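Participant: predicted model, plus sequence, below.
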Amino acid sequence: MNAVNSGRALPWALVAPALGWTLLFFVLPFVAMAVSSLTAHEGGGFTLSNYSQFFANPSYWQAMVNSLQVTAIVTVISVLLAYPFAWILAEQVPERWQRLALMLAVLPFWTSYVVRSYSWLLVLAQNGVVNRALTGSGLFGEPLQLANTRLATVTGFVHFFVMLLTLTIFANLKQLSPSYRKAAADLGAGSLRTFLHVVLPLTLPGIMVGAFLTFVLCIGDYITPQILGGNNELLMPQLVMMQIGRRGDFPLASALSIILMAVVTVAYLACSRWLKIERA
Amino acid sequence: MSVNPKTPNPAVRNPLSVLKSHLQGACAAAALLLAAGSLAQAQDLNALIWCDHADPALLQPFEEANGVKVNVKEFEGTGAGLAIVEQSQPGDWDVMVIDSIDIPRGVEKGLFEPLPEDKLPLADLFPQVKMDSSTVVDGKRYGITEKFGYNTIGYNKTKVDPADMQSLAALTGDKYKGKIAIYDYYLPVIGMAALAIGKKTAELTEADLPAIKEELLKMKANAKLVGEVTASQTALATGEVDILVGGGEWVTAGLAKENPALDFSIPKEGAVLWSQSLAMFKDSKNKELALKFIQYIMSPEGQARLATSSCYWGMPASSKAALSDEQKNILRFDEQPEFLARAQSYPAPNADLDKKMQDVWTEMLQAQ
């Protein structure tokens, strides 16, 4: 009997630290945030006004639209750039150089996220490297406005997320057994057809995992749009932060954060069929 | 100014509030557990500050003279600062730097201790920055102005005509389109927009907001970016823009050595006067040391060090600040009487108007 009990207790004991961590640092703060979102800023009573404000105020709604647009653009561009990059690393670079090549590919990860964003600001500035090259080469008479735009925000994001996606797609490509390609070749498929009908569908889970991570990290990021976007449009994280600074309106900030989490949840559900961990 | 302290009766609190307070308590307990290792000792001074007070050149002389350690925590925005206090234990903090206009918010929450006026050099302060309407509540002084300046027009005098900078109309005309940055803080820039349309910043009401919004949208149409302190300072310093709406000595003075072309004007319509104060916490365990710290900051030496802090420069509230001639020149110290005469007070809206002003600001940011 004791052996049975200890057999049941062991799994719980093993997951207890992770469970405790999740309860303390996710469930508890989330419940606190949910309760706060239903509380009036002045007076503290129950209210739904923090949520209704979001739907009633076009500027708030626009922040969500901007966030979704930027996130979608960043995710698509990052996937389009990362896939060929990961494929070249996995398929074209000799095995003995792959580790070094991968390390070089993720080298920008080693620098601070904030420093990297400010670096982009200087690169894209009116007197920055890009504009000097464009005007110096005679392509443009006047410097272009590159910094403090959505283009700058997208550039900063893509630089970061291409690295992330490269890692997930590379891992997926390396897991792919060469037998699949050989079988496709035996059946008469050319390189393109093998890629389109065999390799690409089998690496779709890696793409989706990376794309989902990109989506989640991008839509919740405050630093990049704040530094590179020049506040010429607001994204959701910036709108959330605005409520806190001077006014300390944590209830409204909480409601906006929960709406943002709801969008992420919808994205998760949309991708969930590709996000399963189990392997065949 | 009348204050109406809110003292909720637990018997009539709704279940949501009770749950919220329990959750806040649990979160605060967890945070305290985590912070226990770094919490200051009782004899140290714990200060909630803005970045200018983090300069070792300012703190070290006080620490050495008194044999104490000043533990500082930086915050931005009164709301964020008050949230830190609410999540701390009573007595965790001794002094706080706060927007002068927000002192009544802290008093209303029962946070601050009245300051002994006879032990502070109030007579040395520029009269216009004493801000008694905010720093004195119900006849008691809860704060003392330590530093001030102007939200006005900061510009590069080699790139723009300084004569144009004598009117706020230059910000909405075509001449400098695309050469302008706007400081991303709604209260002072809304104040400037109000000045541009002939309104007094102390008398703003909800009825003024449509006209203010229109003026802000005109500024935005001319602007290349709307940036917080670092971004707007960088944009002006690197030549990305030539004019900073809302800028002033706090942007240009600290960069004077590297970029002497940067300057600021007080246009004919006026400028918005900002000021920051020091307040002492009612629950401080080191009130004597806290008062010493405030006295040090308000001393001629402390005022000079604070005014020229590495984070940002600003005018010392005390006319006796021990600044060098060069520093005075950079801060345009001798022109202050004239500047102060033309400056208008920082907008101090009530909670409802504050929210509406922030929404107008949000609309301006979203405008394309």
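Facilitator: Thanks, I have it.
Participant: find the centremost residue of chain A, please.
Facilitator: A:Thr214 (2.2 Å; Cα atoms, centre = their mean).
Participant: output the lowest mean pLDDT helix or strand found in the chain.
Facilitator: Here I'm looking at chain A. Ranked by mean pLDDT, DSSP states H and E, the weakest helix or strand in chain A is helix A:2-22, scoring a mean of 84.
Participant: show me what it is packed against.
Facilitator: Using 3 or more Cβ pairs under 8 Å, 6 or more residues apart in numbering or on different chains; DSSP states H and E, no helix or strand is in contact with helix A:2-22. C-beta coordinates here come from the backbone N, C-alpha and C atoms, glycine included.
Participant: if we can go back for a sec, quick check: the residue nearest to the centre of chain A touching A:Val74?
Facilitator: Yes - contact between A:Thr214 and A:Val74 holds when scored by Cβ atoms under 8 Å: they sit 6.6 Å apart.
Participant: common neighbours of these two, please.
Facilitator: Residues touching both A:Thr214 and A:Val74 (Cβ atoms under 8 Å, 6 or more residues apart in numbering or on different chains): A:Phe161.
Participant: which residue does chain B have closest to chain A?
Facilitator: Nearest residue of chain B to chain A (Cβ to the nearest Cβ) works out as B:Gly79 at 2.5 Å.
Participant: wait, doesn't that residue sit right on A:Gly248?
Facilitator: Yes - contact criterion Cβ under 8 Å: B:Gly79 and A:Gly248 qualify, at 2.5 Å.
Participant: any idea how far the residue of chain B closest to chain A is from A:His41?
Facilitator: Per Cβ to Cβ, to the nearest Å, B:Gly79 is found 10 Å from A:His41.
Participant: so what sits against both of these two?
Facilitator: A:Arg247, A:Asp249.
Participant: picking that back up, host element of the residue of chain B closest to chain A?
Facilitator: Applying DSSP states H and E as the criterion places B:Gly79 in helix B:78-86.
Participant: show me what the next helix or strand along the chain from that helix is packed against.
Facilitator: Remark: after helix B:78-86, the chain's next helix or strand is strand B:95-99, criterion DSSP H and E. Applying 3+ Cβ pairs under 8 Å, 6+ apart, one finds that strand B:95-99 contacts strand B:45-49, helix B:78-86, strand B:271-281, helix B:287-298.
Participant: what do you get if the cut-off is 6 Å, keeping everything else the same?
Facilitator: strand B:45-49, strand B:271-281 (3 or more Cβ pairs under 6 Å, 6 or more residues apart in numbering or on different chains; DSSP states H and E).
Participant: now render those strands as CSV, adding mean pLDDT.
Facilitator: Listed next are the helices and strands packed on strand B:95-99 as CSV, based on pLDDT from 0 to 100:
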stretch, mean pLDDT
strand B:45-49, 97
strand B:271-281, 97
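Participant: one step back: isn't the residue nearest to the centre of chain A up against A:Phe160?
Facilitator: No - judged on Cβ atoms under 6 Å, A:Thr214 makes no contact with A:Phe160 at a distance of 9.0 Å.
Participant: between those two, what contacts are shared?
Facilitator: The contact sets of A:Thr214 and A:Phe160 do not overlap (Cβ atoms under 6 Å, 6 or more residues apart in numbering or on different chains).
Participant: phi, psi of the closest residue in space to B:Asp164 that isn't next to it in sequence?
Facilitator: In space, and not counting its chain neighbours, B:Asp164 is closest to B:Ala170: 4.4 Å by Cβ to Cβ, 6 or more residues apart in numbering or on different chains. The phi/psi pair for B:Ala170 (degrees, to the nearest 10) reads phi -60, psi -20.
Participant: for the chain, which spans come out with low pLDDT?
Facilitator: Picked chain A for this. For chain A, the stretches flagged by pLDDT under 70 are A:1-6, A:275-280.
Participant: other chain: chain B
Facilitator: B:1-42.
Participant: strands along that one, start to end?
Facilitator: Assigned by DSSP state E, the strands in chain B fall at B:45-49, B:70-74, B:95-99, B:112-113, B:136-137, B:140-141, B:144-156, B:180-183, B:223-227, B:243-247, B:262-265, B:271-281, B:315-316, B:343-345.
Participant: tell me which of these lies nearest to A:Arg8.
Facilitator: With Cβ to Cβ as the measure, strand B:70-74 is the member of those nearest A:Arg8 (46.7 Å).
Participant: outside of the closest one itself, list whatever touches it.
Facilitator: B:Ala40, B:Asp44, B:Leu45, B:Asn46, B:Ala47, B:Leu48, B:Ile49, B:Cys51, B:Ala54, B:Leu59, B:Glu63.
Participant: switch the cut-off to 7 Å
Facilitator: Residues from elsewhere that reach strand B:70-74 (Cβ atoms under 7 Å, 6 or more residues apart in numbering or on different chains): B:40, B:44-51, B:53-54, B:59, B:62-63, B:84.
Participant: partner strands of that strand and their direction?
Facilitator: Applying DSSP bridges, strand B:70-74 is found paired with strand B:45-49 (parallel).
Participant: flag every residue of chain A that's near chain B.
Facilitator: A:24, A:28, A:31-32, A:35-36, A:38-39, A:42, A:44-46, A:57, A:59, A:62, A:125-127, A:145, A:147-148, A:227, A:230-234, A:242, A:244-248, A:250 (Cβ under 7 Å from any Cβ of the partner chain).
Participant: derive a PyMOL selection command for the buried subset of the residues you listed.
Facilitator: The buried subset of the residues of chain A next to chain B, as determined by 16 or more other Cβ atoms under 10 Å in any protein chain shown, is captured in PyMOL by this line:
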select buried, chain A and resi 32+35+36+38+39+44+59+62+125+126+145+147+148+227+230+231+232+233+234+242+244+245+246+247+248+250
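Participant: next step: the residues of chain A next to chain B restricted to strands.
Facilitator: Those of the residues of chain A next to chain B lying in strands (DSSP E): none at all.
Participant: dump stretch A:118-134 to PDB, keeping only the CA atoms.
Facilitator: Extracted in PDB, the C-alpha atoms of stretch A:118-134 (Å, rounded to 0.1, in the frame of the first residue of the first chain):
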ATOM      1  CA  TYR A 118      19.300  52.000 -30.800                       C
ATOM      2  CA  SER A 119      22.000  50.800 -33.200                       C
ATOM      3  CA  TRP A 120      19.300  50.400 -35.900                       C
ATOM      4  CA  LEU A 121      18.000  53.900 -35.100                       C
ATOM      5  CA  LEU A 122      21.500  55.200 -35.900                       C
ATOM      6  CA  VAL A 123      21.900  53.100 -39.000                       C
ATOM      7  CA  LEU A 124      18.500  54.300 -40.400                       C
ATOM      8  CA  ALA A 125      18.900  57.900 -39.300                       C
ATOM      9  CA  GLN A 126      19.000  60.800 -41.700                       C
ATOM     10  CA  ASN A 127      22.800  60.900 -41.400                       C
ATOM     11  CA  GLY A 128      23.000  57.100 -41.000                       C
ATOM     12  CA  VAL A 129      24.900  54.500 -43.100                       C
ATOM     13  CA  VAL A 130      21.900  53.600 -45.200                       C
ATOM     14  CA  ASN A 131      20.900  57.200 -46.200                       C
ATOM     15  CA  ARG A 132      24.600  58.100 -46.800                       C
ATOM     16  CA  ALA A 133      24.900  55.200 -49.100                       C
ATOM     17  CA  LEU A 134      21.700  56.100 -51.000                       C
END
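Participant: neighbouring contacts of that stretch?
Facilitator: Contacts of stretch A:118-134 (Cβ under 7 Å, 6+ apart): A:140, A:143-144, A:146-147, A:152, A:155-156, A:227-228, B:238-240.
Participant: one more time with 6 Å
Facilitator: So stretch A:118-134 is contacted by A:Phe140, A:Pro143, A:Leu146, A:Ala147, A:Ala152, A:Gly156, A:Leu228, B:Gly239, B:Glu240 (Cβ under 6 Å, 6+ apart).
Participant: what's the burial count for the last one?
Facilitator: B:Glu240 sits with 27 neighbouring residues when counted by other Cβ atoms under 10 Å in any protein chain shown.
Participant: so what's it up against?
Facilitator: Per Cβ under 6 Å, 6+ apart, neighbours of B:Glu240: A:Ala125, A:Gln126.
Participant: go on, B:Phe293?
Facilitator: B:Leu45, B:Val95.
Participant: thanks a lot, see you next time.
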